[in-house]
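> With the sequence up front, the predicted model follows.
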Amino acid sequence: MVTIYKSKAKVQKGPQHLELTIERWDAEAQGIAFSDGKICFVDGVLPGESVKVKVTEQKPQYLKAEVQKVLKASEHRIAPLCRFAADCGGCQLHHVSAENARLLKQQALDEHLKHQFRLDVLPWQPMLTGPATGYRRKARIGVWFEKKTNEFVVGFRRKGGKEITAIADCMVLSPVIAPVFKVLSGTLPTLKAGNAITHVEVLDAAGKAFVVVRHIKALCAEDKNLLQQAWPEACWIGEAQSDEFCFWGEPQQPQYQLAEGLTLAFSPTDFIQVNEAVNQQMVTQALDWLQLKNTDKVLDLYCGIGNFSLALAKQAAQVVGLEGVATMVTTATDNARRNALANLSFAQADLHLAWPKAPWNQNVYQKVLLDPARAGALGAIDEVARLKPDAVLYVSCNPVTFARDAKVLLGKGYSLSKIGLMDMFPYTSHLELMALFLKTRQ
C-alpha cells in the first residue's frame, strides 16, 4: 500500500493590520468595532474614532487589537496629563477626561445591563464621585533589579506586560504616600541587600504613611535603618517570614474614620477601599437606599473588616457579618468592640460553597448586603434568594459577574429598584456599582 504525503492545509489568518471605526465602549472600557462581521476589541480608543490597529489575538468569535495610529480622533480625546501614561499599566484612560470617562462608562454599562436583563430602562441614580487625582490611599509598587546594568527599576507594571516600568511620580496616589518612588529609587542602590526587595505596599491611613516591604531574604539592621532614615515620617514594616510581618520601629495601628463617629482599625495588609472619599459616600448611600428600621435584622456578606457592618449596626436591630478570611473576622470583631456595638457579630464562612447549618443561616433577615470580589457571588446569590429578604443591596466591582448574579435575583421574585455607578478608580477602566433589589413576589 502506497501512502501519498499530503501537506496540512494552512490555517488562513486575517490581516494583521486593520482600519476600524469604533462604535462604542463595552462594560470594561474597551472599544468595540467590527471587521468582516467579527467583533474586535481595542484598548485606548473612544467611540466614533477611526483608527489603524495591529491585531494581537485572533479567535473564532473575536479579535483583539492595539492602536497603531488614530486616523480621526474623537472630540473628547485629550493629551494625557500623566507623563508616564504611554508605558504605565496602572491607568488605562488617560486619553479622556475623568468627567467624560464617567459618562462613557455609564453608557456602556447601561447598554450591557439592558441587554442582559431585557429591560428598556434602568433606574439610574446619580453617580458617586470624588477627586480625580490624589485619591488612591493604597498601592503596590514594583521593584526590579536589572543585573546587566546593576540598576534598580521602581514603578508599576508596564502596559500589556509583566515588566516594571520606571515611575518617578503618580498623579492618582495620595500625597501622603507619593514620596515612595523617590525614597526607593534613591535608597535601594545604597543597600547591601536591596536586590532582595521585590515590591512594597504603601498605605495612607488617616494621613500616616505605612510601608510594607516584601523581600525574599532577611534585611540587615543597617539596610532597615537606611530605609527608615530616608522616610522617617513613614511607619516601616518588614516581612519576617512569608506573609508574616513585623514593625521595624514602634508598632502603630492604621485606621480610618466613617460617618457617625465610627473608627475602623485594620492591618496594613488588609483589604480596604482605596478611594476614601467615594467609600464614605458609598456607605452613606447604602444606608439611605436600605431605609433601615430599628427592628431590622441585616446580613452583611463579604464584610471584610466591617466597612458596611458597623454603619448598618448603628441603625438596625441586629447585624451579622460573614467573611472568608479568618484574620479579617477577628479584626471586624475588634472593630465592633472598639465602637461599642453589641448588636453586631461576625463569623467565618466560605460563601461560595453550600451554606452550613449555623446560627447565622436562618430565614430571619429583612435586609441583605453583599460586596463580593471580582468573581462575584456565584453560589451565595442562590442562598441569599433562599432567605427571601425584603431587600438585597449588591455592591459590585465587576459588571459581568454582577449581571450573572442579578439575573438570579430577577428570576426569583426580585425587581431592580435602584442602580448607580461609583467612580472609585478615576482614569482606569474599572467600574464599581451599587444596585438595590426589592422582593415583589414570594
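That came through fine.

> What score does residue 243 have for pLDDT?
Looking at residue 243, its pLDDT reads 70.

> helices and strands of the chain: which one has the lowest mean pLDDT?
strand 235-241 (a mean of 87; mean pLDDT, DSSP states H and E).

> Pull out the buried residues from it.
Residues of strand 235-241 classed as buried by neighbour count (16 or more other C-beta atoms under 10 Å): 235, 236, 237, 238, 239. The way it works is simple: take the backbone N, C-alpha and C, and place the C-beta from them, glycine included.

> would you put the C-alpha positions of the very next helix or strand once past that strand in PDB?
Remark: after strand 235-241, the chain's next helix or strand is strand 244-247, criterion DSSP states H and E. Below are the C-alpha coordinates for strand 244-247, written out as PDB (Å, rounded to 0.1, in the frame of the first residue of the first chain):
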ATOM      1  CA  GLU A 244       4.200  37.400  58.400                       C
ATOM      2  CA  PHE A 245       5.200  40.900  59.200                       C
ATOM      3  CA  CYS A 246       6.900  42.800  62.000                       C
ATOM      4  CA  PHE A 247       7.300  46.600  62.600                       C
END
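
> beta partners for residue 434?
Residue 434 forms beta bridges with residue 395, residue 420, as assigned by DSSP bridges.

> got a list of what the spatially most central residue of the chain touches?
By C-alpha atoms, centre = their mean, the chain has its centre lying nearest to residue 397, at 6.1 Å. Shown in contact with residue 397 (C-beta atoms under 8 Å, 6 or more residues apart in numbering): 373, 374, 424, 430, 431, 432.

> what about residue 271, neighbour count?
15 (other C-beta atoms under 10 Å).

> Can you tell me the closest non-neighbouring residue to it?
With sequence-adjacent residues excluded and distances taken as C-beta to C-beta, 6 or more residues apart in numbering, residue 271 is closest to residue 304, at 5.9 Å.

> just residue 236 next, same as before
Of all residues not flanking residue 236 in the chain, residue 248 sits nearest, at 4.4 Å (C-beta to C-beta, 6+ apart).

> Over to residue 252?
Nearest to residue 252 is residue 235, by C-beta to C-beta, 6+ apart, at 4.9 Å.

> List the buried residues of whichever strand or helix holds residue 226.
Assigning secondary structure by DSSP H and E places residue 226 in helix 221-230. Buried residues in helix 221-230, counted by 16+ other C-beta under 10 Å: 223, 224, 226, 227, 228, 230.

> Now flag whichever of those is closest to residue 260.
residue 228 (36.7 Å; C-beta to C-beta).

> Quick one: residues in contact with the helix or strand containing residue 55.
Assigned by DSSP H and E, residue 55 belongs to strand 50-58. With contact meaning C-beta under 8 Å, 6+ apart, strand 50-58 is reached by 13-22, 31, 40, 42, 45, 63-72.

> are any of those residues buried, and which?
Buried among the contacts of strand 50-58 by 16+ other C-beta under 10 Å: 18, 20, 22, 31, 40, 42, 45, 63-67, 70.

> returning to that earlier point: identify the residues contacting the residue nearest to residue 252.
208, 209, 210, 211, 247, 249, 252.

> residues near residue 367, how many?
Residue 367 has 21 nearby residues by other C-beta under 10 Å.

> close enough to count as contact, it and residue 292?
Yes - taking C-beta atoms under 8 Å as the definition, residue 367 is a contact partner of residue 292 at 6.7 Å.

> what do these two both touch?
With C-beta under 8 Å, 6+ apart as the test, residue 367 and residue 292 both reach 298, 316.

> quick one on the thing from earlier: now flag whichever of the buried residues of helix 221-230 is closest to residue 148.
Nearest to residue 148 among the buried residues of helix 221-230: residue 223, at 23.1 Å, using C-beta to C-beta.

> Skipping adjacent residues, who's closest to residue 208 in space?
Nearest residue to residue 208, sequence neighbours excluded (C-beta to C-beta, 6+ apart): residue 235, at 6.6 Å.

> Sorry, wrong one. I was asking about residue 160.
Taking C-beta to C-beta, 6+ apart, and ignoring the residues beside it in sequence, residue 160 has residue 89 as its nearest neighbour in space, at 6.8 Å.

> Who are the contact partners of that neighbour?
Each residue near residue 89 by C-beta under 8 Å, 6+ apart is listed here: 156, 157, 158, 159, 160, 161, 165.

> Distance-wise, check it relative to residue 162.
To residue 162, residue 89 is 9 Å away according to C-beta to C-beta, to the nearest Å.
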